[in-house]
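Novice: Sequence plus the predicted model coming up.
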Amino acid sequence: IEIVDYSGQSAETARSALEEEGFSVNIAEELYNESVEEGNVISQSPNYGHFLPGSTIDLIVSLGEEPPQNMQYATTVNIPYGETEEEEESDSESEDDSEGETREDTSEDDDEADSENPPKTVNIYLDDANNDIDDVHTTLEITEDTDETVRLEIEPDEAGVFMVEVDGKEIINEEIPYNE
């Protein structure tokens with residue numbers, strides 16, 4: 001039986017016609033294709049010649065035009081620690097003069113603690129294809145200015161948002177539009 005090439009035609013039409021001729025039809029693959037409508041045959045194998053009934057004909061069928069992909073966005077943000085303990089102490093040094101003697105009497109560990117800043121809690125919120133801005137995405141503690149990478153997956157025609165809070169105070173709030 002001679003095979004007809006059904007490229008560009010409906011896969012269902014091709015399947016029906018080929019099965020009526022006695023061929024076995026296999027949808028070998030479904031691919032995105034800008035020039036062939038969804039559900040139509042992109043190609044077939046074999047596509048010409050004479051074959052016996054029962055032979056298998058493989059069809060590659062179009063899924064139509066590929067939908068736009070989500071945009072992957074990444075940026076490194078600097079999260080400022082803010083005023084350090086040393087700066088705070090120098091601002092209030094005159095008030096602490098009376099306590100100076102007490103501090104000298106304490107153990108050596110306190111000298112080390114005095115040189116460290118108390119940790120501040122950072123919450124990072126994301127609003128994108130996978131995250132809701134109402135939910136904390138990442139929590140960390142910082143004792144100095146800190147760089148953190150933020151990654152968003154932004155859907156077509158949408159925007160992604162990231163927000164950074166330090167000790168409950170919003171310090172960064174950025175909206176990132178989808179760019180093709």
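Specialist: Thanks, I have the structure now.
Novice: residue closest to the middle of the protein?
Specialist: Glu153 (3.1 Å; Cα atoms, centre = their mean).
Novice: give me the beta-bridge partners of it?
Specialist: Gln72 (DSSP bridges).
Novice: Ok, Glu175 next?
Specialist: When assigned by DSSP bridges, Glu175 has beta-bridge partners Val161.
Novice: What number of residues are in the vicinity of it?
Specialist: Glu175: 10 surrounding residues under other Cβ atoms under 10 Å. Bear in mind the C-beta positions are built from the backbone N, C-alpha and C, glycine included.
Novice: one step back: surely the residue nearest to the centre of the chain touches Ala129?
Specialist: Yes: with contact defined as Cβ atoms under 8 Å, Glu153 counts as touching Ala129 (4.3 Å).
Novice: so what sits against both of these two?
Specialist: When contacts are counted by Cβ atoms under 8 Å, 6 or more residues apart in numbering, Glu153 and Ala129 are jointly contacted by Asn70, Gly160.
Novice: re earlier: pull the contacting residues for the residue nearest to the centre of the chain.
Specialist: Contacts of Glu153 by Cβ under 8 Å, 6+ apart are Asn70, Met71, Gln72, Tyr73, Asp128, Ala129, Asn130, Gly160.
Novice: Can you get me a residue count around the third one?
Specialist: Here the neighbour count serves as a burial measure; for Gln72 (other Cβ under 10 Å) it reads 10.
Novice: Touching, it and Gly160? I think so.
Specialist: No: using Cβ under 8 Å, Gln72 is not in contact with Gly160, being 10.1 Å away.
Novice: how far away is Gly22 from Gly54?
Specialist: 6 Å (Cβ to Cβ, to the nearest Å).
Novice: Which residue of these two possesses the greater neighbour count?
Specialist: Legend: neighbour count by other Cβ under 10 Å for Gly22 and Gly54, higher for Gly22 (12 against 8).
Novice: does the nearest residue to the more buried one once chain neighbours are set aside sit in a helix or strand, and which one?
Specialist: Once flanking residues are discounted, Gly22 sits nearest to Pro53: 2.9 Å by Cβ to Cβ, 6 or more residues apart in numbering. Assigned by DSSP states H and E, Pro53 belongs to neither a helix nor a strand.
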